[in-house]
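> Fold the following.
(4 chains)
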Protein chains: 2
Amino acid sequence: MQKAHHPELGEIALTEVMAALSDPIRVGLVRVLADGRERGWGQLRAPVAKSTLSHHLRVLRDAGLTRTRQEGTRCYVTLRGDDLQARFPGLLQVVLSAMEIDDVGSQVGLRDGADP
Amino acid sequence: MQKAHHPELGEIALTEVMAALSDPIRVGLVRVLADGRERGWGQLRAPVAKSTLSHHLRVLRDAGLTRTRQEGTRCYVTLRGDDLQARFPGLLQVVLSAMEIDDVGSQVGLRDGADP
DNA sequence: TTCGATGTTCGTGAAACGTCGAACAAGCTA
DNA sequence: TAGCTTGTTCGACGTTTCACGAACATCGAA
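The predicted model follows:
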C-alpha cells in the first residue's frame, strides 16, 4: 500500500474542498467525523462497495478534509478540523450546519457497536 | 429561448451548491456578483467561449446561486444573497472570504467601462 | 422589413467521476 | 508457514462535465 498523501495547510484549495463536498456519501462521512473523534475505517458504514468507499475517503484526503493514519493493517480517519479552520475560517462550521439543514449524507453512519 | 428555471428556496440543495462552487470560473462569477449588484450578461468577462459562459451561468442558476432576469434580448444576473442566507445561514459569507484567501476566480471580471 | 446584437441550444469530443468486482499487498494470527 | 483480515489498486462501464463552434431564436434598431 502506498503511503497516503496529505496536502499541507497552504495547499488546501477551495475548489477541491467544494468538489469533495459535492457528493452525498462524502458529506455523510464528514458528518460522521464531525465530532472530531478518530474513527476506524471498518467503523464507517456507507451504502457502497468497499472499493468505492476507499475512493471517497481518498478524495476527502486529497482535498485536505481528512487525515488517515495507518496502524498495522487498519486505518483510522479524522477530520482536519483545526487545519480547515486555519485555512478557511468558519467554513467547516457553516457547512456542518448546512448539512443538517438539508439532511445530506444521512445514509452514512457508524457500524453497530461503535461509540455514539 | 426557454424561460429559465430557478429553484425555490427550499429546493436549494447543498451538494448542488458545492458542485457549482467547485469550478474556478463559476467561483469568479460569484465573486463578481458578490457586491449584490445586478450585472448584465455582457458585462461579464471570462476566458471562455460565450456558449461555455452560458453553461456556467446555467449551472449557477440551477443550483440556486443566481437569478437571471430577462429584459428584451438582454439578461441581467444577480446573486441570490438573501435566499442563500435564509437557506444556509452564513454559507455565502464564509465562502466569499475563502475565495479571497485562496484567490480563486480572479480570471473573471467585468468588462472595461462597468461600474466598479 | 431587414439587419445586427444577444444569449441559448445543439452536436461533438475529451476528460473526469462514481460505481463495481477482482486482484493485490501488507500485516496479524493460528 | 499458511491463512485470514483489511484496505488499496486496477480495469471496465456508463454518466456527467467542460469546452468549442455553429446554428438558432428573439428583440431592438435602421
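
> buried sites along stretch A:26-42?
Within stretch A:26-42, the residues scored as buried using 16 or more other Cβ atoms under 10 Å in any protein chain shown are A:R26, A:V27, A:G28, A:L29, A:V30, A:R31, A:V32, A:L33, A:A34, A:R39. The C-beta positions use only the backbone N, C-alpha and C, and glycine is treated the same way.

> and which of the residues you listed is nearest DNA strand C?
DNA strand C lies nearest to A:R26 out of the buried residues of stretch A:26-42, by Cβ to the nearest atom of the strand, at 7.2 Å.

> any idea which element the closest residue to that closest one other than its chain neighbours lies in?
Of all residues not flanking A:R26 in the chain, A:H56 sits nearest, at 5.1 Å (Cβ to Cβ, 6 or more residues apart in numbering or on different chains). Secondary structure assigned from DSSP states H and E places A:H56 in helix A:50-63.

> now that helix: mean pLDDT?
Regarding helix A:50-63, the rounded mean pLDDT is 98.

> follow-up on the earlier one: is there a neighbour count for the residue nearest to A:R26? I'd like the number.
When neighbours are defined as other Cβ atoms under 10 Å in any protein chain shown, A:H56 has 19 of them.

> from what I can see it touches A:V48, true?
Yes - applying Cβ atoms under 8 Å as the test, A:H56 and A:V48 come out as touching, 7.5 Å apart.

> Can you pull the residues that touch both of these two?
A:I25 (Cβ atoms under 8 Å, 6 or more residues apart in numbering or on different chains).

> Could I get the phi/psi values of the residue nearest the centre of chain A?
Taking Cα atoms, centre = their mean, the centroid of chain A lies closest to A:V30, which sits 4.1 Å from it. Per-residue torsions, A:V30: phi -60, psi -40 (degrees, to the nearest 10).

> farthest-separated two in the buried residues of stretch A:26-42?
For those, the farthest-apart pair by Cβ to Cβ is A:V27 and A:R39; their separation is 15.6 Å.

> Can you show me the helices along chain A?
All helices of chain A, identified by DSSP state H, fall at A:14-20, A:24-33, A:50-63, A:81-87, A:91-102.

> With distance to B:I12 as extra columns, can I get those helices in CSV?
Converted to CSV, these look like this (distance: least, Cβ to Cβ, whole Å):
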stretch, distance to B:I12
helix A:14-20, 15
helix A:24-33, 15
helix A:50-63, 23
helix A:81-87, 23
helix A:91-102, 8
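
> For DNA strand C, find the nearest of those helices.
The nearest among the helices of chain A, by Cβ to the nearest atom of the strand, is helix A:50-63 at 3.0 Å.

> Quick check: residues of chain A near DNA strand D?
Neighbours of DNA strand D within chain A, by Cβ under 7 Å from any atom of the strand: A:1-2, A:4, A:40-42, A:50-51, A:53-55, A:57-58, A:68, A:73-75.

> Against A:G10, how distant is the residue of chain A most remote from its centre?
Within chain A, the residue lying farthest from the chain centre (Cα atoms, centre = their mean) is A:G72, at 20.9 Å. Distance, A:G72 to A:G10, by Cβ to Cβ, to the nearest Å: 32 Å.

> A:L79 is in contact with the residue nearest to the centre of chain A, correct?
Yes - A:V30 lies in contact with A:L79 (Cβ under 8 Å); the separation is 6.5 Å.

> Now the common contact residues for these two.
With Cβ under 8 Å, 6+ apart, A:V30 and A:L79 have common neighbours A:L65, A:T66.

> near chain B, which residues of chain A?
With the criterion set to Cβ under 8 Å from any Cβ of the partner chain, chain A comes near chain B through A:13-16, A:18-19, A:21-24, A:27, A:87-91, A:93-95, A:97-99, A:101-102, A:104.
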